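for reference, the sequence and a predicted model appear below.
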Amino acid sequence: MTDIFTFRVKKIIGSIPVGKVTTYGRVACWAGNSKGARQVARILHSNSEKYSLPWHRVVNRHGKISSRPSLGHIFQRQLLEEEGIVFDDSGRIDYSLYLWYPEPRAVEGE
DNA sequence: CTCGTGACTCCCG
DNA sequence: TCGGGAGCCACGA
């Protein structure tokens, strides 16, 4: 199919284990489009509510929450802390501890 | 079909 | 460390 990108994004996000996080750019790359970071964010936003995807486990490349400075922003951080993820004083996540890499199988999985 | 938008990232400075 | 500018692409209207 042509929209495998969208499909993979949902597949990958849904594969993120509890207590782990990843970045939009990485997901985009694994999904087949290294430049589709924004689309990942958009797709995720569009689908998270309909498919219950763990969008909160996806942050930007700095390890910070990118959502607009609103309630969602706080909500996301709260969810992550609930899963054991710790933020430093700058509000960032320690990638050396929480960064997650998907399994090729999960990406190809169809 | 076209157009506008955006939960990103890279590249300077 | 932080901010502005440009690029990229999917999706809804």
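Everything's here; your move. What you see is a predicted model; the values in this text were computed from it and never measured.

list the contacts of the most centrally placed residue in chain A.
Nearest residue to the geometric centre of chain A (Cα atoms, centre = their mean): A:V58, 2.3 Å. Residues in contact with A:V58 (Cβ atoms under 8 Å, 6 or more residues apart in numbering) are A:13, A:16, A:21-24, A:27, A:40-41, A:44. Heads up, the C-betas are built off the backbone N, CA and C, glycines and all.

likewise A:D94?
A:63, A:86, A:88.

now A:A28
Contact partners of A:A28, counting by Cβ under 8 Å, 6+ apart, are A:9, A:34-37, A:39-40.

got it, and A:R61?
By Cβ under 8 Å, 6+ apart, the contact set of A:R61 is A:23-25.

tell me, what's the model's pLDDT at A:R77?
With respect to pLDDT, A:R77 has a value of 92.

mind listing the helices for chain A?
A:4-15, A:24-30, A:37-51, A:71-82, A:95-98, A:104-108 (DSSP state H).

hey, least reliable of the ones you listed by pLDDT?
Minimum mean pLDDT among the helices of chain A: helix A:104-108, a mean of 75.

what helices and strands are in contact with that helix?
Applying 3 or more Cβ pairs under 8 Å, 6 or more residues apart in numbering; DSSP states H and E, one finds that helix A:104-108 makes contact with helix A:4-15.

tell me what the helix it packs on is packed against?
Applying 3+ Cβ pairs under 8 Å, 6+ apart, we find helix A:4-15 packed against helix A:24-30, helix A:37-51, helix A:104-108.

for it, give me every contacting residue.
Residues outside helix A:4-15 that contact it (Cβ under 8 Å, 6+ apart): A:1, A:27-28, A:30-33, A:36, A:39-40, A:43-44, A:47, A:51, A:53-55, A:57-58, A:102-103, A:106-107, A:109-110.

can that helix be said to contact DNA strand C?
Yes - using Cβ under 7 Å from any atom of the strand, we find that helix A:4-15 touches DNA strand C at A:5-6.
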